[in-house]
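A.B. asks: Turn this into a model:
(one chain, ligands or ions: 1)
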Amino acid sequence: MHEPEPLYSLKMRASRQERHISGAEKILPASLLPSFLDALLKRAMHHANGEPDFINFKVEKLAEEKIIHLKALPVSSVIAETPSDGLRKMRDILESMGIRRSAEIVQRLQSLRGMRGAMLLDADSLEDYSPDQERGVRATRMDSDTPNCTAGKNHFAEALVLATKVANAPGIIAELCISDDPDYVTGYIAARSIGYVRISPLKTHGNPAGGRIFLYRGRQQDVHKTIDFLESVPAIISA
Ligand code: PML
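C.D. replies: Predicted coordinates:
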């Protein structure tokens, strides 16, 4: 019997003057690393957010027994007439989930720009639990079970993988996202209870604002378990 091929986490992040431009997460066998490194380098160099002055690649071997396997969240779509209608629909969904301070949360989402990770907010007190609030908390070490190797980014496919891992993190009750790509106006709200709900549009074309909020409900002393899951546990997502 053949041993399973060892898997590696490949992370790319690109920035300019310390402001985030683009990032990517892959889990791959060694044989695929060269082609993905090449594709992600091209992606980093030609991003709509601008030319980077710093690109970081990190390759780490993963311990097979630490990898978890998750099924992708079910996907649905909401079409809005305008960005403000889309944001209103996002607030309505939050309220239907029992999250009362929806207007303040969505306002904070709209104000994000150039963060590497996500804001980790207490869903009720709105306290920001990110240890580094400029950087935020980054969900890393995840990929689909059929990784795709293109220089261009598939926003939807990559976001669904990330959202599935985030929705399975202990204490996370919802995730909100507006893409920080100025050319991409679709965003989403995701949770295990509602699946991955795409909303379009959430902003106007050409607007570089955007980012993610992870909403946490639980004991403050347990936040570190959530952060550890998001940043360290490798997850492979199947359709
Ligand atoms: C990003 O740019 O990283 C966020 C992408 C959001 C994708 C939303 C969708 O198309 O479902």
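A.B. asks: quick one: what helix or strand has the most centrally placed residue in the chain in it?
C.D. replies: In the chain, the residue lying closest to the centroid (C-alpha atoms, centre = their mean) is L162, at 4.6 Å. In this structure, L162 sits in helix 155-167 according to DSSP states H and E.
A.B. asks: What's the first helix or strand after that helix?
C.D. replies: Assigned by DSSP H and E, the successor of helix 155-167 is strand 172-178.
A.B. asks: Partner strands of that next one, with direction?
C.D. replies: In the sheet containing strand 172-178, its partner strands are strand 187-191 (antiparallel), strand 211-216 (antiparallel), by DSSP bridges.
A.B. asks: so which of these gets nearest L10?
C.D. replies: When these are compared by C-beta to C-beta, strand 211-216 sits nearest L10, at 20.8 Å. For glycine as for every other residue, the C-beta is placed from the backbone atoms N, C-alpha and C.
A.B. asks: what about that closest one and the ligand, any contact?
C.D. replies: No - Strand 211-216 stays clear of the ligand (C-beta under 6 Å from any ligand atom), getting no nearer than 7.8 Å.
A.B. asks: That strand: how far from the chain's middle?
C.D. replies: Here the centre of strand 211-216 is set off from its chain's centre by 9 Å, with C-alpha atoms, centre = their mean, to the nearest Å.
A.B. asks: what does this protein have sitting close to the ligand?
C.D. replies: Taking C-beta under 6 Å from any ligand atom, the part of the chain that reaches the ligand is made up of H155, F156, A159, C177, S179, D180, D181, Y184, T186, G187, Y188, R198.
A.B. asks: still on that earlier bit, any chance of the strands paired with strand 172-178 in TSV, with mean neighbour count and mean pLDDT too?
C.D. replies: Output for those, formatted as TSV (neighbours: other C-beta atoms under 10 Å; pLDDT from 0 to 100):
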stretch	mean neighbour count	mean pLDDT
strand 187-191	25	98
strand 211-216	26	98
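A.B. asks: Can you tell me what sits against stretch 3-17?
C.D. replies: 20-31, 33, 36-37, 40-41, 43-45, 47, 50-62, 64, 67, 116, 140-141, 234 (C-beta atoms under 8 Å, 6 or more residues apart in numbering).
A.B. asks: go with 7 Å
C.D. replies: With contacts defined as C-beta atoms under 7 Å, 6 or more residues apart in numbering, stretch 3-17 is touched by 21-30, 33, 36, 40, 44, 47, 50-62, 64, 67, 116, 140-141, 234.
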